[in-house]
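Visitor: Would you be able to build a 3D model of this:
(one chain, ligands or ions: 2)
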Amino acid sequence: MIALPEIVDWLKRLDAVYAEQKDFLSALDSAIGDGDHGVNMARGFHAVAAALDASPPADIGAAFKSASTALIKTVGGASGPLYGTLFLRCALAFAGKTELDLDAWTGALEKGVQGIEQLGKAREGDKTMLDAWFPALAALKAGGGLKEALKAAASAAEEGMKATIPLKALKGRASYLGDRSIGHQDPGATSTFLLLDAAAEVLG
Ligand code: ADP
Ligand code: MG
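Guide: Ligands and ions are numbered 1, 2, ... in the order given. Got it, this is the predicted structure:
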């Protein structure tokens, strides 16, 4: 089971993770975008941690709601509303819950990823964060123990992230580059891998 304090620890860990990876993520975005993805994620998750400190959530739904609001408010780029929507869908799925099992975690993330699809209209292979999310969801659905499934999801996201390198971007700012987007790793797929890698570490 995943309990509320672990969810809060994970969200706060993401503040540190994105602060550490800020320059790397922005460098990836400089190659095929406007170079702000690291700054966006670091700013967003710093605001998430601050919001959780300012008003400790009573349940897991409230933690995700608070995170969603902070992300939508503070992240300027496309990724803010996309991650914000993912977290908002999770907030709805987790309303009133103080503990989650693997099924609940997987079901909520699946709804969250559907939210990203509805908002961004991207498909598999378009070279976006979805190319990390889809294989991660498949790994979670394969089940097993919680710890193993979270690890498998992070590994699958990492593979998906690497697999964006040869792809041509068909959505978002990188799509303006056309063929010149080929040969570069997608920044959003990379931030998604980092999010799931931290989940495997903290929640597993
Ligand atoms: P912006 O592109 O507005 O500068 P960011 O740099 O923060 O925003 O985020 C860029 C990332 O957002 C991309 O690497 C990609 O993974 C993701 N992204 C952009 N557009 C979409 C979309 N329509 N659907 C899913 N993900 C997207
Ligand atoms: Mg950008």
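Visitor: Report the secondary structure state of the residue in the chain sticking out farthest from the centre.
Guide: Distance from the C-alpha centroid of the chain, by CA atoms, centre = their mean, peaks at Asp179 (26.0 Å). Secondary structure, DSSP: H, G, I helix; E, B strand; the rest coil: Asp179 is helix.
Visitor: That one reaches Ala169, doesn't it?
Guide: No: with contact defined as CB atoms under 8 Å, Asp179 does not reach Ala169; the gap is 9.7 Å. In short, each C-beta sits where N, CA and C put it, glycine included.
Visitor: Could you pull out the helices in this protein for me?
Guide: 4-20, 22-32, 37-54, 60-74, 79-93, 102-120, 130-141, 146-162, 187-203 (DSSP state H).
Visitor: got the contact list for the shortest one?
Guide: Where contact means CB atoms under 8 Å, 6 or more residues apart in numbering, the residues beyond helix 22-32 that reach it are 18, 35-39, 41-42, 169, 173-174, 177, 180-181, 184-187, 190-191.
Visitor: buried sites along that helix?
Guide: By 16 or more other CB atoms under 10 Å, the buried positions in helix 22-32 come out as 22, 25-26, 28-29, 32.
Visitor: How about the protein: which residue is closest to ligand 1?
Guide: Relative to ligand 1, the nearest point of the chain is Gly188 (1.9 Å; CB to the nearest ligand atom).
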